[in-house]
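Chemist: Got a predicted structure here, sequence first:
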Amino acid sequence: MGRQPRAERVTLADVALRAGVSSATVSKVLNGRTDVSARTREHVLGVIAETGYRSTTPRHDRPRRQALVVVVDFMASPYAGTVLQEILAAATEKATDLLLRLPPDASIGASTKPAHTWITQQQVAGAVGLIELAVAVPDTVLTAANECELPIVTIDPIGTAGSRAVTIGSTNWAGGRSATDHLIRFGHRRIAWIGGPVNSAPSAERFHGYRAALEAADLAAERDLIRHDAFLVEAGFRHGHDMLSLPTPPTAVVAGNDEIAIGVLAAAKELGVDVPRQCSVTGFDDTPQTEWTTPALTSVRQPLAGMGRMAVETVLGMANGAQPASRHLQLATALTVRDSTGPAPMD
C-alpha cells in the first residue's frame, strides 16, 4: 500500500492570501505590533486559528520571552492575591513573563471558532501555557487548547469542564471534615454550612466533608442550615444574618472560605451574637486576614502559595513535553485554631 501524501504545511503567505492582507501585516500581528487595527488583528488571528498555522521561527530566535497566561476574575480577594504572588515568584525564577487575562466571555466559550481564536491570541502573545485560577473553563476552550498544543492547569476549578483538565487543589474534603469535627468535639450539635457556588469543585468537596463529619456523629444536616452562594463577604453576611435570626439559631457555622466566614462574623456583630460564646465560626483558606478579624478566625489552612508554585512548575513541564504524575493534584490541609471557636453554649 502506497504512502499517504503529507499535508502541505500552511505558510505565512497562505494565511495572508486567505485573510486578504499582506504577509507583512500577518507578520506584524504575530509579533504583537500595535500598528495594526483591532479589526484586522482579530480577522488575521481567526484565519491563523482556522488554518492551524504555526510559525517556523525557532523558539530561541523569537524576540519575545516565553510567557504564562493567568486567567482570574477576582484579583482583589486575599485568596487570589496570595496564589498570584507565588505564581509571580515562581514564574520570575523561571525567566517567564506573566500575562493576566479575564475569563473569556460567553460568546468565546459558546462555539469552536471564537475559542480557537482566543487560544491563538494567547500563543501569539508568547504564551506557552495557561493557568486558570478558580474560574470555569468551557469545553470549547479546553478542546482548542488541546488542538493548539497549549497546556492548561486549573487551580480550584469551577464547573464540570475542569475534570478534563489538569487540576491543582487541596484536600478539601478532609479540610471540611476537620473543621466540622473540631466543632463537634466542642459539643456543637446544630452546625450550619454556608458554602460557595454549587458548581465549585472545592466547595462541593468541603461540603461533603462537613456532611461526613455530621453523619459520623449521628447528627442531621438540617436543610434550613445549609446554603450555597458566592465566595463573598456579602454572601456570608446575608446568610449568616438569616440563620442567626432563626428562632433556634445554629451554635456553629462552617464557612466555605474565609470571605464567607468574615461576613458571618459581621452579621453576628450586628445582631449582638457573641462569637464564640453563642456561636462558633470556622473559615477555609487561612488567608492573612484571619489573624486580624475580631475574634481571630479559626480556619482550614490550604497551601495557597504551594498551589501557585505547583501550577507554574506543572504547566511549564507540560509545555516541554512532560506529563504530571496525576491529572488531579492535591496538597494537604490543616486546621488552624484561633479564637472564633469554643464550647457550645449551655441550653
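Modeler: Nice, thanks for sending it over.

Chemist: what residue is smack in the middle of the chain?
Modeler: In the chain, the residue lying closest to the centroid (C-alpha atoms, centre = their mean) is Ala134, at 1.5 Å.

Chemist: give me the number of residues near the closest residue to it other than its chain neighbours?
Modeler: Nearest non-adjacent residue to Ala134, counting by C-beta to C-beta, 6 or more residues apart in numbering: Asp156, 4.4 Å away. (C-beta placed from N, C-alpha, C; glycine too.) Other residues near Asp156 come to 26 when the count uses other C-beta atoms under 10 Å.

Chemist: if I pick Asp156, what's in contact with it?
Modeler: By C-beta atoms under 8 Å, 6 or more residues apart in numbering, the residues touching Asp156 are 133-134, 167-169, 200-202, 307.

Chemist: Who are the contact partners of Ala344?
Modeler: 186-189, 251-252, 280.

Chemist: go with 10 Å
Modeler: By C-beta atoms under 10 Å, 6 or more residues apart in numbering, the residues touching Ala344 are 183-184, 186-191, 251-252, 276, 278-280.

Chemist: Pull up the gap between it and Ala305, please.
Modeler: 34 Å (C-beta to C-beta, to the nearest Å).

Chemist: With Asp274 instead?
Modeler: Remark: distance between Asp274 and Ala305 (C-beta to C-beta) = 34 Å.

Chemist: Quick check on these two: which one has the bigger neighbour count.
Modeler: Just comparing Asp274 and Ala305: by other C-beta under 10 Å the higher neighbour count belongs to Ala305, 16 against 12.

Chemist: how about the more buried one, secondary structure?
Modeler: helix (DSSP: H, G, I helix; E, B strand; the rest coil).

Chemist: ok, and the closest non-adjacent residue to it?
Modeler: Glu86 (4.1 Å).

Chemist: Then Gln66?
Modeler: That would be Val128: by C-beta to C-beta, 6+ apart, it lies 4.8 Å from Gln66.

Chemist: can I assume that neighbour sits in a helix?
Modeler: No: the assignment for Val128, made by three-state DSSP, is strand rather than a helix.

Chemist: Can you name the element that comes right after the lowest-mean-pLDDT helix or strand in the chain?
Modeler: Least confident helix or strand of the chain, by mean pLDDT, DSSP states H and E, is helix 23-30 with a mean of 74. Later in the chain than helix 23-30, the nearest helix or strand by DSSP states H and E is helix 38-51.

Chemist: which helices and strands sit right next to that following helix?
Modeler: helix 12-19, helix 23-30, helix 112-124 (3 or more C-beta pairs under 10 Å, 6 or more residues apart in numbering; DSSP states H and E).

Chemist: Just the mean pLDDT for it, thanks.
Modeler: Helix 38-51 shows a mean pLDDT of 78.

Chemist: partner strands of the following helix or strand past it, parallel or antiparallel?
Modeler: Sequence order places strand 67-71 as the next helix or strand after helix 38-51, per DSSP H and E. The strands that strand 67-71 pairs with in its sheet are strand 97-101 (parallel), strand 127-133 (parallel) (by DSSP bridges).

Chemist: Burial-wise, tell me which of those comes out on top.
Modeler: strand 127-133 (a mean of 25; mean count of other C-beta atoms under 10 Å).

Chemist: For that strand, list the C-alpha coordinates in CSV.
Modeler: In CSV, the C-alpha atoms belonging to strand 127-133 read as follows (Å, rounded to 0.1, in the frame of the first residue of the first chain):
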residue,chain,number,x,y,z
ALA,A,127,2.1,32.1,26.0
VAL,A,128,3.4,28.5,26.3
GLY,A,129,0.7,27.6,28.9
LEU,A,130,-2.4,28.8,30.8
ILE,A,131,-3.2,28.8,34.5
GLU,A,132,-6.9,29.2,35.3
LEU,A,133,-7.4,30.4,38.8
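
Chemist: Now do that strand: distance to the chain's middle.
Modeler: Relative to the chain's own centre, strand 127-133 is displaced by 11 Å; criterion: C-alpha atoms, centre = their mean, to the nearest Å.
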